[in-house]
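Q: Need coordinates for the below:
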Amino acid sequence: MPADVPDFAALARSIKDWGRALGFAEVRIGAADLPGAAEGLQAWLAAGHHGEMDYMARHAELRADPAQLVPGAIRVISARIDYLPSARGPAWREEELARQRDPRAAVVSVYARGRDYHKVVRSRLQALADQVAAVAGPFGYRVFSDSAPVMELPLAAQAGLGWRGKHTLLLAREAGSLFFIGEILCDLPLPLDAAVSDHCGQCTACIDACPTGAILGPGRLDARRCISYLTIELREAIPLELRPLIGNRIYGCDDCQLVCPWNKFAQRASLPDFDERQGLGSASLIELFGWSEAEFLQRLEGSPIRRIGHACWLRNIAVALGNAAASLPGDAAIVAALRARAEHPSALVREHVAWALARHGVQASLPSGA
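A: Numbers count the residues shown, from 1 in each chain. You can find the predicted model right below:
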């Protein structure tokens, strides 16, 4: 640190001010080490709860020791950015629950309806790091936002951005859980902020609400049963026994957040990046199922959804259309939409379409030439 910037406490205050000016709702500073993290991570991996997310196991050592990613790192500048679209009113949770009850509605997790948060958060963290360097001179750092083997939630909790809820997400008293986080690992000896205490109490709303029973207990998540994992991370067939439990959720799941009492304090996004795009907050299953691959790629440019690919997109929607049979058995429009995809080039899509048609009491026709 140059001699003309000796006051790290003053620098920390400036970092928080600069962060707020860049759109972050809160910035906190924590230690870059995670005592005991390795043991907990290894136990989770050993139980197989990571499913097909092999990258979790490949980089387990790095996740438990952030200093390996940034040599000399001793601090983590953790930042929170809210994503609930600014146009949503006070009844947003009731509105989301109502869409889940509409068998024709396509339910996309709220966070994924706008721009890809990875790019938004990383670019603003880089701007923050640039401001630090302009004042403090060159320093060792690296910017992250769900983009490298970093245990972001424990680091953020350690820095005082919130506490880990029973659903494993980060919770803040003044903001609930509808926010993204990112961090700058650095070698500056900035003063540490204090962690905050757990305020979940005896509440088990998130555990009780999980449609697939993925939350095994407080802080224990089996990702293999989580709808977010099944619709985003899983690239193969969705297990038959879990398909009926997914309902009409086609990308991600917000159930544990919708019932959390703390989310009555969820803050609206200050950035237009997280406004809903392409009607993803109001679209029907049939409408989205009709998108060609070219439309999928064009309409979802800059969206986090794009990374699952068109085949998994259709797979997810086919399951939701099949589940619509519970209240709309044999619906002509739904059956017609499914039949239009019955000979899709992807075996993954064909199998899920056949399953969905069977739910409506309809046998899929064999592909041409079969």
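
Q: neighbours around Glu241, how many?
A: Neighbour count for Glu241, taken as other CB atoms under 10 Å: 9. Just so you know, the C-beta spots here come from the backbone N, C-alpha and C atoms, and that holds for glycine as well.

Q: What separation do you get for it and Leu338?
A: Distance, Glu241 to Leu338, by CB to CB, to the nearest Å: 21 Å.

Q: what do you get for Gly247?
A: Separation of Gly247 from Leu338 (CB to CB) stands at 17 Å.

Q: who has more neighbours, those two?
A: The residue with more neighbours, out of Gly247 and Leu338, is Leu338; 27 against 21, by other CB under 10 Å.

Q: Which helix or which strand is home to the more buried one?
A: Assessed by DSSP states H and E, Leu338 sits inside helix 332-339.

Q: Buried residues, the helix or strand just after that helix. List them.
A: Sequence-wise, the next helix or strand downstream of helix 332-339 (DSSP H and E) is helix 347-359. Using 16 or more other CB atoms under 10 Å as the test for burial, helix 347-359 gives 348-357, 359.

Q: these two touch, right, Leu242 and Leu234?
A: No - counting by CB atoms under 8 Å, Leu242 stays clear of Leu234, with 9.9 Å between them.

Q: Looking at these two, which has the bigger crowd around it?
A: Taking other CB under 10 Å, Leu242 and Leu234 do not tie; Leu234 has more neighbours (22 against 19).

Q: And the more buried one, how close does it get to Ile181?
A: 24 Å.

Q: ok, now which ones touch the residue sitting nearest the centre point of the chain?
A: Nearest residue to the geometric centre of the chain (CA atoms, centre = their mean): Tyr111, 6.7 Å. Residues counted as contacts of Tyr111 (CB atoms under 8 Å, 6 or more residues apart in numbering) are 83, 117, 178, 180, 252, 274, 304.

Q: Tell me how many other residues crowd Glu94.
A: Using other CB under 10 Å, Glu94 has 10 other residues around it.

Q: now the one 4 residues further on
A: Ala98 has 11 neighbours, counted by other CB under 10 Å.

Q: Which positions in the strand or helix carrying it come out as buried?
A: Secondary structure assignment for Ala98, by DSSP H and E: helix 92-100. By 16+ other CB under 10 Å, the buried positions in helix 92-100 come out as 92-93, 96, 99-100.

Q: mind saving the C-alpha coords of stretch 13-26 as CSV?
A: Provided in CSV are the C-alpha atoms of stretch 13-26 (Å, rounded to 0.1, in the frame of the first residue of the first chain):
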residue,chain,number,x,y,z
ARG,A,13,-15.6,3.2,4.2
SER,A,14,-14.8,4.5,0.7
ILE,A,15,-15.2,1.0,-0.8
LYS,A,16,-18.7,0.7,0.7
ASP,A,17,-19.6,4.2,-0.6
TRP,A,18,-18.3,3.4,-4.1
GLY,A,19,-20.1,0.0,-4.0
ARG,A,20,-23.5,1.7,-3.3
ALA,A,21,-22.8,4.2,-6.1
LEU,A,22,-22.3,1.2,-8.5
GLY,A,23,-25.7,-0.3,-7.6
PHE,A,24,-24.8,-2.6,-4.8
ALA,A,25,-27.2,-2.5,-1.9
GLU,A,26,-24.6,-3.4,0.7
